[in-house]
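Colleague: need the 3D shape of this:
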Amino acid sequence: MIRAIGLAAAWLAVFPVSAGELLTNNGGRAADHGITYAATPVQAGWPEGSVLTDGNTRTSHYAATSLRWPAGTTPRIEFALGRQMLVTEVVVWFSGRFRADISTAQIRLDCADAEWRHADYPATSSMRVKDLALRTDAVTLEIADAAGPVEVTEVEIWGEPTGDVSGFGDLRFSVWPPVGGERVTVSVALRNVFGRALLPDRVTFRAALHALFDDEEQVIGEVDTEGVPPRKAHRAVIEWTPRDSGWYTIRVTGGGMGELEAQVPVVRTPLYFAWYGVSPGQPLKWVNVAMHARGLEAERWIERGALPLSWAGGYCYKEKTEGEFVTYWGDLLAQSERGIAIDEFGCDYGGEVDQKMAAALRRVKAEHPDGFVLAWSAGPLSDVLTAGYRESANLVLPEVYMQYLGWHYPVFDRIAEQARAAGIADKTVFGLCTTTDKGGVTKEQLEEQFRYIKRLAPEFPGVAFYNAYRVAPGMIEWADELCYRYFIAPVLTVKESERDEWILRNIGGIDARDVWMKWGERGDSRPLFLPVRAGGAVRLKAPVRGARPIIVESFAYTVLDGD
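Modeller: A predicted model of the protein is given here:
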């Protein structure tokens, strides 16, 4: 599989964290993007430019395609990108031992100082060359000095169209989305596309808040950068504590690099958008909990401000003793990059298995207090489990898969009630099913679930999905968009508090700067523009008896009324 991913400096000039565009090539040509490649020497029975799909997998949702060469050969793979790109990173997944070079028409890179990760089992080693700034329409990978047979299972070429290229790009946050009042690391790539080195200089970060009122632009950080070698990139890094929630304009200038400007949402409280089986190359803007990434993929998620969590078995290993669970989960926590996702709890209604797993959870968290522990929870939230979750889980994901449950919505109500009673509502998010299993789910049905749970449990800090790979076309992008609409954007509801008085609430993640509201047919039809803070409310008095407020639909916020 060949993947070329476009990393824009800002998502459509709005979202600055880059998840990328995934291009695949499973036979010499990616028809949608015009990427071709040729591998030499050609092996017997293989046409030039084709690959053998052997059905093996590096992850659960990408079929690996392999090119294999015997010892003593010096293979080349030539990639034609079909257009001018700014190549920022190249990764090769392989087995074997060899020396590699990457070249374009302008430059040749010896990859000896690349990030090499060698594994003892085949086809899972990787070589990563990052912080590149190569303007090119072709990339060549050359392999030499092989100590034995070589197999290349996957090549990733990361980049962006040259039409979007400036001296700055790839704005990143250590926590995504950022949270008002909490410190976050902000970094930007300084990209030198020229053939001469750039001298050290100062880079300035500025921010302006656009929430209830426009703020003056303020400097939030300055950093003196190192010189940037030819056709390479260097990251400028600052620390920032946004004082409030809302939309911020981030502007980066300096060093003769031009400027980068992006709109960034800063939310009122931390949010979780968790995906089972997600890859960094998938087109998702808001994912910030990735299950179950390891190694290089985990590193990429951390760079994007997300939590990569390793898989840990739960009920599927129900024969384990409490002590064996403690050892097993503890070892995985110690080896993980950020934490573990335990799959799953809650299959015997508070019985013997639930009891020993809840006890093991407490012990493991006590031994690894800094490790993030996510608990997938099947079935009712029994008192035995919720006690363990309350003390020792960072995030609880009750599985409510509507297509498995016959679209029985009161299941949501029961779990919300149990979570509140147990005191875990602030770390509970519903796990929804996005797969094609059991007849699948339509986009309309998924949004209906979002609207239901947002009304039912507005305090739940996000949503989770099973899964990111066995889905209908466009489903993960739609789910990602719903995360924004119902958790990050302002979400407005209105209800009558007493006769002719109404409460307008914002249960979304950021402040509503202008809410366009008018009164019904029997009242004043002139529109009102009201600011409403995230988590806040505005009391409204009807201009005449019997008038009902109507929130006018807008792209700037989501309206929950009128269903």
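Colleague: so where is this protein shaky, pLDDT-wise?
Modeller: For the chain, the stretches with pLDDT under 70 are 1-35, 42-66, 120-123, 163-165, 211-215, 521-526, 562-563.
Colleague: the longest helix in it is where?
Modeller: The longest helix of the chain (DSSP state H) is helix 352-367.
Colleague: and that helix, what other elements does it pack with?
Modeller: Helix 352-367 is packed against helix 322-335, strand 339-345, strand 372-377, helix 383-392, with contacts defined by 3 or more Cβ pairs under 8 Å, 6 or more residues apart in numbering; DSSP states H and E. (Each C-beta comes from the backbone N, C-alpha and C, glycine too.)
Colleague: in CSV, list these along with mean neighbour count and distance to Gly96.
Modeller: As requested, these are arranged in CSV below (neighbours: other Cβ atoms under 10 Å; distance: least, Cβ to Cβ, whole Å):
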stretch, mean neighbour count, distance to Gly96
helix 322-335, 17, 25
strand 339-345, 24, 31
strand 372-377, 24, 35
helix 383-392, 20, 43
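Colleague: compare those and give me the one nearest Pro75.
Modeller: Nearest of those to Pro75, taken as Cβ to Cβ: helix 322-335 at 33.7 Å.
Colleague: show residues contacting the closest one.
Modeller: 310, 312-313, 317, 320, 339-340, 342, 356-357, 359-361, 363-364, 367-368, 371, 373 (Cβ atoms under 8 Å, 6 or more residues apart in numbering).
Colleague: and that helix with helix 352-367, angle?
Modeller: Angle of helix 322-335 versus helix 352-367, following axes from the mean of the first three to the mean of the last three Cα atoms, to 10 degrees, is 40 degrees.
Colleague: centre of the chain to helix 322-335, how far?
Modeller: 27 Å (Cα atoms, centre = their mean, to the nearest Å).
Colleague: and that helix with strand 339-345, angle?
Modeller: Using the same axes, to 10 degrees, helix 322-335 lies at 150 degrees relative to strand 339-345.
Colleague: what about dumping the CA coordinates of helix 322-335 to CSV?
Modeller: C-alpha atoms of helix 322-335 as CSV (Å, rounded to 0.1, in the frame of the first residue of the first chain):
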residue,chain,number,x,y,z
GLU,A,322,-7.4,-10.8,39.9
GLY,A,323,-3.6,-10.9,40.3
GLU,A,324,-3.1,-12.1,36.8
PHE,A,325,-5.2,-9.1,35.5
VAL,A,326,-3.0,-6.8,37.6
THR,A,327,0.2,-8.1,36.2
TYR,A,328,-1.2,-8.2,32.6
TRP,A,329,-2.6,-4.7,32.6
GLY,A,330,0.3,-3.3,34.6
ASP,A,331,2.8,-4.6,32.0
LEU,A,332,0.9,-3.1,29.2
LEU,A,333,0.6,0.2,30.9
ALA,A,334,4.4,0.2,31.5
GLN,A,335,5.0,-0.5,27.8
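Colleague: against Pro177, how distant is Thr558?
Modeller: 16 Å (Cβ to Cβ, to the nearest Å).
Colleague: output the helices and strands packed on helix 352-367 as CSV; include the columns distance to Pro410.
Modeller: Below are the helices and strands packed on helix 352-367 laid out as CSV (distance: least, Cβ to Cβ, whole Å):
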stretch, distance to Pro410
helix 322-335, 32
strand 339-345, 22
strand 372-377, 17
helix 383-392, 19
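Colleague: among the ones you listed, which is nearest Glu444?
Modeller: strand 372-377 (26.2 Å).
Colleague: so what strands line up beside the closest one?
Modeller: strand 339-345 (parallel), strand 395-398 (parallel) (DSSP bridges).
Colleague: reformat these as TSV; add distance to Thr436.
Modeller: Shown next, in TSV, are the strands paired with strand 372-377 (distance: least, Cβ to Cβ, whole Å):
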stretch	distance to Thr436
strand 339-345	20
strand 395-398	21
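Colleague: my read: Pro490 touches Thr558, true?
Modeller: Yes: between Pro490 and Thr558 there is a contact under Cβ atoms under 8 Å: 7.0 Å.
Colleague: overlap in contacts of those two?
Modeller: Gly508.
Colleague: may I see the buried residues of stretch 406-420?
Modeller: Val411, Phe412, Ile415, Ala416, Gln418, Ala419 (16 or more other Cβ atoms under 10 Å).
Colleague: what about stretch 93-108, start to end distance?
Modeller: 20 Å (Cα to Cα, to the nearest Å).
Colleague: how much space separates Leu333 from Pro270?
Modeller: Taken as Cβ to Cβ, the span from Leu333 to Pro270 is 21 Å.
Colleague: what's the closest non-adjacent residue to Leu560?
Modeller: Thr493 (4.7 Å; Cβ to Cβ, 6 or more residues apart in numbering).
Colleague: picking up where we left off before, distance from the chain centre to the longest helix of the chain, please.
Modeller: Centre to centre, stretch against its chain (Cα atoms, centre = their mean), the figure for helix 352-367 is 29 Å.
Colleague: what does that helix contact?
Modeller: 314-315, 318, 321-323, 325-326, 329-330, 333, 342, 345-348, 371, 373, 375, 382, 384-385, 387-389, 391-393.
Colleague: likewise stretch 399-413?
Modeller: 344, 376-378, 415, 430-433, 437-441, 445, 449, 452-453, 456-457, 466.
Colleague: which of those residues fall within strands?
Modeller: Judged by DSSP state E, the contacts of stretch 399-413 include Glu344, Trp376, Ser377, Phe430, Gly431, Leu432, Cys433, Tyr466 as members of strands.
Colleague: and those residues, which is closest to Arg513?
Modeller: The closest of those, once distances to Arg513 are taken by Cβ to Cβ, is Phe430, at 28.8 Å.
Colleague: do you have the strands of the stretch 451-563 of the chain handy? List them.
Modeller: Assigned by DSSP state E, counting those that start in this stretch, the stretch 451-563 of the chain shows strands spanning 462-466, 491-498, 501-506, 512-519, 528-532, 537-541, 549-551, 558-559.
Colleague: any chance of these in JSON lines, with distance to Gly281 too?
Modeller: As requested, these are exported to JSON lines (distance: least, Cβ to Cβ, whole Å):
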{"stretch": "strand 462-466", "distance to Gly281": "17"}
{"stretch": "strand 491-498", "distance to Gly281": "30"}
{"stretch": "strand 501-506", "distance to Gly281": "35"}
{"stretch": "strand 512-519", "distance to Gly281": "34"}
{"stretch": "strand 528-532", "distance to Gly281": "38"}
{"stretch": "strand 537-541", "distance to Gly281": "41"}
{"stretch": "strand 549-551", "distance to Gly281": "38"}
{"stretch": "strand 558-559", "distance to Gly281": "29"}
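Colleague: out of those strands, which one sits most buried?
Modeller: Between these, strand 462-466 has the highest mean count of neighbours, a mean of 24, where neighbours are mean count of other Cβ atoms under 10 Å.
Colleague: separation between Asp244 and Arg251?
Modeller: Taken as Cβ to Cβ, the span from Asp244 to Arg251 is 18 Å.
Colleague: Val471 too?
Modeller: Taking Cβ to Cβ, one finds Val471 at 37 Å from Arg251.
Colleague: these two: which is more packed in?
Modeller: More neighbours surround Val471 than the other of Val471 and Arg251, with 21 against 18 (other Cβ atoms under 10 Å).
Colleague: who does the more buried one form a beta bridge with?
Modeller: Applying DSSP bridges, one finds that Val471 bridges with Thr435.
Colleague: and Cys347, how many neighbours?
Modeller: Using other Cβ under 10 Å: Cys347 sits among 16 other residues.
Colleague: pretty sure it contacts Trp376?
Modeller: No: if you go by Cβ under 8 Å, Cys347 and Trp376 don't touch, sitting 10.9 Å apart.
Colleague: buried ones among the contacts of stretch 399-413?
Modeller: Buried members of those, counted by 16+ other Cβ under 10 Å: 344, 376-378, 415, 430-433, 441, 449, 452-453, 457, 466.
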